[in-house]
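Student: predicted coordinates and the sequence they were generated for:
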Amino acid sequence: MANVSIRMDDNLKKQAEDLFNDLGMNLTTAFTIFVKQAIREQGIPFEVTRETPNSETISAINEVQQMKQNPSLGKAYTDVDKMMEELLA
């Protein structure tokens, strides 16, 4: 048997221990299951993605893209004070 040392945030470790204890195993068993599954699948056994933006953020991104394509949709300012005045009104 080989020893493997893993460094992680204390809070993350506690959350993982609580979860795996509820599932009837310890961290060692959970990591062993992960590694065995990774070997079976020849990759990480789950999808690894960036955090997905929520619908409000997606809408804002789409709005900016539309405004870049058609600048008449937005309002341009040459005076920051005037812009802030209108934004805060």
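Tutor: Structure received. These numbers were taken from a predicted model, which means no experiment stands behind them.
Student: okay, which residue is most central for this structure?
Tutor: By Cα atoms, centre = their mean, the mean C-alpha position of the chain lies nearest to residue 51, the distance being 2.8 Å.
Student: what about residue 80, neighbour count?
Tutor: Other residues within reach of residue 80, judged by other Cβ atoms under 10 Å, total 8. (Glycine included, C-beta is placed from N, CA and C.)
Student: state the distance from it to residue 87.
Tutor: 10 Å (Cβ to Cβ, to the nearest Å).
Student: ok, the residue nearest to the centre of the chain to residue 8 distance?
Tutor: 19 Å.
Student: which parts of the chain belong to which domain?
Tutor: Taking the TED database as the reference, the chain has its domains at 8-39, 53-86.
Student: quick one: closest of these to residue 1.
Tutor: domain 8-39 (10.3 Å; Cβ to Cβ).
Student: would you map the strands across this structure?
Tutor: Applying DSSP state E to the chain gives no strands.
Student: show me where it has helices.
Tutor: 10-22, 27-41, 55-69, 80-88 (DSSP state H).
Student: and those helices: which comes nearest residue 3?
Tutor: helix 27-41 (10.1 Å).
Student: so how far is residue 61 from residue 55?
Tutor: Remark: distance between residue 55 and residue 61 (Cβ to Cβ) = 11 Å.
Student: of these two, who's got more company?
Tutor: residue 61 (11 against 8).
Student: wait, what's in contact with that one?
Tutor: residue 53 (Cβ atoms under 8 Å, 6 or more residues apart in numbering).
Student: closest to residue 47 out of the domains of the chain?
Tutor: domain 8-39 (13.2 Å).
Student: one step back: ok, the residue nearest to the centre of the chain to residue 78 distance?
Tutor: Taken as Cβ to Cβ, the span from residue 51 to residue 78 is 36 Å.
Student: and for residue 7?
Tutor: According to Cβ to Cβ, residue 7 and residue 78 sit 52 Å apart.
Student: swap in residue 86?
Tutor: 13 Å.
Student: please say which of those two ends up with more neighbours.
Tutor: When residue 86 is set against residue 78 and neighbours are counted by other Cβ under 10 Å, the residue ahead is residue 86, at 10 against 6.
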